[in-house]
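S.K.: Sequence plus predicted model, see below.
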Amino acid sequence: MLVGHSFGGTEAIALAAQRPERVDGLVLTNSFFPPARGGRSYAATAWDYARHRALYLRELADRGRAPRPTRTKAGQLSKLARQAVRPGSFHAVADEVRCPVLVIHGVDDHVVPVAFARAAAAVHPEWTYAEVPGGHALHRDRPLEWVAVVAPWLVIESSA
């Protein structure tokens, strides 16, 4: 079983697609998903995402933290930007995943808006999808709620 959080979700999807014999199940926790336009213009989608990022920066400030850009994070953001601009490339890789997938997303995630996760799950109806209260780091900030969703799914999938 492989768990991917945020950018790690894209890496987990790629690994599951490339090495299906090594991955029996995939849990995507507040993973990156391409922006969901939902019939809206690019400008409206960009504005919505900018609003989410502003809320994220406010959340960091409230915790007394500041964004710390690094070369690694810049490389990750570059990769994500390519997938955001071309969502088909993200979904083409996700289509190659043959194992069961659980998507668990926080409804108050200001890094990856919940609408993005909902839209990705709609494109992949074979995935199991769950939302829980909380932000971007559910496994850390809301571990009991996270485990309450993930543990039963793991039991069901491992017995299948």
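M.R.: Cool, got the structure.

S.K.: so Met1 touches Arg22, yeah?
M.R.: No: proximity of Met1 to Arg22 does not meet the contact threshold set by C-beta atoms under 8 Å, at 10.9 Å. Every residue, glycine included, has its C-beta placed from N, CA and C.

S.K.: Which one's more surrounded, the two?
M.R.: Neighbours per residue, other C-beta atoms under 10 Å: of Met1 and Arg22, the larger number sits with Met1, 15 against 10.

S.K.: Identify the residues contacting the more buried one.
M.R.: Applying C-beta atoms under 8 Å, 6 or more residues apart in numbering, we find Met1 in contact with 23-27, 154, 157-158.

S.K.: pull the longest helix from the protein.
M.R.: Looking across the chain with DSSP state H, the single longest helix is helix 42-62.

S.K.: quick one: low-confidence ranges for this structure?
M.R.: Of all residues in the chain, those with pLDDT under 70 make up the ranges 37-42, 46, 49, 52-53, 66-87, 160.

S.K.: SS state for the residue most central in space within it?
M.R.: Per C-alpha atoms, centre = their mean, the C-alpha nearest to the average position across the chain is that of Ser31, at 1.4 Å. Put simply, Ser31 is coil when judged by DSSP: H, G, I helix; E, B strand; the rest coil.

S.K.: Can you tell me the element the nearest residue to it once chain neighbours are set aside falls in?
M.R.: Leaving aside its sequence neighbours, Ser31 sits nearest to Gly9 (C-beta to C-beta, 6 or more residues apart in numbering; 2.5 Å). If you go by DSSP states H and E, Gly9 is part of helix 7-18.

S.K.: Helices of the protein, start to end?
M.R.: According to DSSP H, the helices that the chain contains are 7-18, 42-62, 71-85, 87-95, 114-123, 138-141, 143-159.

S.K.: For those, please prepare CSV with the additional fields distance to Val103 and mean neighbour count.
M.R.: What follows is these, written out as CSV (distance: least, C-beta to C-beta, whole Å; neighbours: other C-beta atoms under 10 Å):
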stretch, distance to Val103, mean neighbour count
helix 7-18, 9, 19
helix 42-62, 18, 13
helix 71-85, 16, 13
helix 87-95, 10, 15
helix 114-123, 5, 19
helix 138-141, 12, 17
helix 143-159, 10, 14
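
S.K.: Report the distance from the longest helix of the chain to the chain centre.
M.R.: Computed by C-alpha atoms, centre = their mean, to the nearest Å, the separation of helix 42-62 from the middle of its chain amounts to 16 Å.
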